[in-house]
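Chemist: I would like the atomic coordinates for the input below:
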Amino acid sequence: MKALIHKFDLPVTVWDLDKDNWHHNASAARDKDGKIWVSTRMHEEETIVRYTNQHPYTHPPSRLMLGLLDENTLQPHDVKRIVPEEGSPRYLVEKEIEDCRIFWREDGLHGIGVAINEYDFPGECRVYQIEILIDYEKGTYKLLKDWGYTVAGHMEKNWSPATEKTDKFEFIYSATEVLKSDDHLYGEKYLGKTHGGSQLLPYKDGYIRFAHRCIPIEGITHRWYVSLAQLLDSNGKVTHDSQLFDFTTGWRPNIKESVEFISGAVWTGDEEILLSYGLRDETCAFVKLPLSLLEWHEFENDGTDFIYEFADGEPPTDVKYWVGEKFPGSFAE
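Modeler: The predicted structure follows:
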């Protein structure tokens, strides 16, 4: 079966890349006072190592950066590094948290993300999903809950929280499964290849979220991230998918892949959402998406392997947003 990818031609704001620190997977959340917080994952390493795909390559510790986002310029300010509070578990202190999604609760700014434990299980490197509470003023976060190693026999790290707390679920685990406070999954086993990305925003009688698939495109790459929106009912089950779409910003010419990974969403109008996304695993991008562009069809729990093509026949493999030339020795075209 064929699946078409639609290109959205929208103004995109891309942060300038700091050649000494690369940051990506921006998440955004609006607090009770209307301010937009933005978090990023930062690594401190020689970026050229990643660009040239040199070996050996070791996974560096992540750093959680947090600041405020100017809603007009889409630029951050008052950014600071947030670290684990004193007395946190060793694995959290040494590897910290990565790919954090932030969301607001009555007690403050929460995050859900990945922690890597290389120490407590000899011969293994266990990946945990953890929930944290952030204290911006102190520049620290505390571990609220370690949600465990695996829930369904494999690691799904892209859990979606609702921006408003509900007693019906804690997180969306997949399109058909929710995780509740008793640490159990509920729902039908998911068969497809769509994974989470953004938080769940209240919409109509349920929610809207933005997700992704990492797919091969024949003759171009084995790794292209495509996005889609999903509608969910009040119980957290997906009812509708949008068309697949691409912002045409993610192409990495040196290693032939495209990465646009939506990891944050906030309302900016009645039918407009500001999306924050990781761009090429290098930096951060922001785009305001009118919901009028989305076309909905009923969700099917379908594990079919599709043949993916672009709707207009042309893959967006130009380099208009490519910043790799800032790195000496990169393979930028």
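
Chemist: and the residue nearest the centre of the chain, helix, strand or coil?
Modeler: Nearest to the mean C-alpha position of the chain, by CA atoms, centre = their mean, lies Ser263 at 2.8 Å. Following DSSP: H, G, I helix; E, B strand; the rest coil, Ser263 is assigned to strand.

Chemist: helices and strands of this structure: which one has the lowest mean pLDDT?
Modeler: Lowest by mean pLDDT, DSSP states H and E among the helices and strands of the chain is helix 47-51, with a mean of 44.

Chemist: I would like the residues contacting the helix or strand that comes right after that helix, please.
Modeler: Next helix or strand after helix 47-51 toward the C-terminus (DSSP states H and E): strand 62-69. Residues from elsewhere that reach strand 62-69 (CB atoms under 8 Å, 6 or more residues apart in numbering): 23, 28, 35-44, 75-83, 95-100, 102, 109, 111, 134, 136, 141, 286. (Each C-beta comes from the backbone N, C-alpha and C, glycine too.)

Chemist: Just the buried residues of these.
Modeler: Applying 16 or more other CB atoms under 10 Å to the contacts of strand 62-69, the neighbour count classes 23, 28, 36-43, 76, 79, 82-83, 95-100, 102, 109, 111, 134, 136, 141, 286 as buried.

Chemist: Narrow these to those in strands?
Modeler: 23, 28, 36-43, 76, 79, 82-83, 98-100, 102, 109, 111, 134, 141, 286 (DSSP state E).

Chemist: Sketch out the low-pLDDT regions of the protein for me.
Modeler: 17-22, 44-60, 121-125, 149-155, 320-333 (pLDDT under 70).

Chemist: In it, what residue spans correspond to helices?
Modeler: Ranges of helices in the chain, per DSSP state H, are 47-51, 90-95.

Chemist: Tell me the spacing between the nearest residue to Thr304 once chain neighbours are set aside and Tyr308.
Modeler: Spatial nearest neighbour of Thr304, chain neighbours left out: Met1 (5.6 Å); criterion: CB to CB, 6 or more residues apart in numbering. Using CB to CB, to the nearest Å, Met1 is found at 10 Å from Tyr308.

Chemist: Between these two, which is the more surrounded one?
Modeler: Legend: neighbour count by other CB atoms under 10 Å for Met1 and Tyr308, higher for Tyr308 (19 against 7).

Chemist: what bridges to that one?
Modeler: Beta-bridge pairing of Tyr308 under DSSP bridges involves Ala3.

Chemist: contacting residues around it?
Modeler: By CB under 8 Å, 6+ apart, the contact set of Tyr308 is Lys2, Ala3, Leu4, Ile5, Ile215, Pro216, Ile217, Trp224, Val226, Leu244.

Chemist: Need the residues you listed in CSV (columns: distance to Ser181 and neighbour count).
Modeler: As requested, the contacts of Tyr308 are arranged in CSV below (distance: CB to CB, whole Å; neighbours: other CB atoms under 10 Å):
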residue, distance to Ser181, neighbour count
Lys2, 41, 7
Ala3, 36, 15
Leu4, 39, 14
Ile5, 37, 22
Ile215, 34, 20
Pro216, 38, 13
Ile217, 40, 19
Trp224, 36, 24
Val226, 33, 23
Leu244, 33, 21
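
Chemist: What is the nearest of the residues you listed to Ser292?
Modeler: Using CB to CB, Leu244 is the member of the contacts of Tyr308 that lies nearest Ser292, at 17.3 Å.
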